[in-house]
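# Sequence and computational prediction follow.
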Amino acid sequence: MAIVKQKIVPHLWFDKEAKEAAEFYCSVFPDSGITNVSVLRDTPSGDCDVVSFKLSGQPFMVISAGPLSVCGLNMKSGAEPFAVGDGNDHYEVSK
């Protein structure tokens, strides 16, 4: 039986609290720690923290990138749009 290496890294999106969330998660789980912190400057949401970390050896990433928006529709607006990508960066949004 072949051993499959982890190929998908779960990524969590936060409005502003990504670094604090990563620090909290790392404090809860053994064999955990932050592996990298980067700042993306001058994005449409301002400066964004991107944090890579491991929880019990499993890699994760978090980003502070402001409120989630899909095709210009704010997910916090209550409209709850559903976006489906076709693999070519084209999206269909339905309500």
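Yep, it's here.

# end to end, how far does stretch 36-50 reach?
When the termini of stretch 36-50 are compared using CA to CA, to the nearest Å, they are 8 Å apart.

# domain ranges for the chain?
Under the assignment automatic domain parsing, the domains of the chain span 8-64, 68-95.

# Okay, the closest residue to residue 64 other than its chain neighbours and residue 46: tell me how far apart.
Once flanking residues are discounted, residue 64 sits nearest to residue 18: 3.9 Å by CB to CB, 6 or more residues apart in numbering. In short, each C-beta sits where N, CA and C put it, glycine included. As judged by CB to CB, to the nearest Å, residue 18 and residue 46 stand 13 Å apart.

# Please identify which of those two sits among more neighbours.
Legend: neighbour count by other CB atoms under 10 Å for residue 18 and residue 46, higher for residue 18 (21 against 12).

# Now do the same for that one: its pLDDT.
On the pLDDT scale, residue 18 is placed at 94.

# Perfect, I'm done here.
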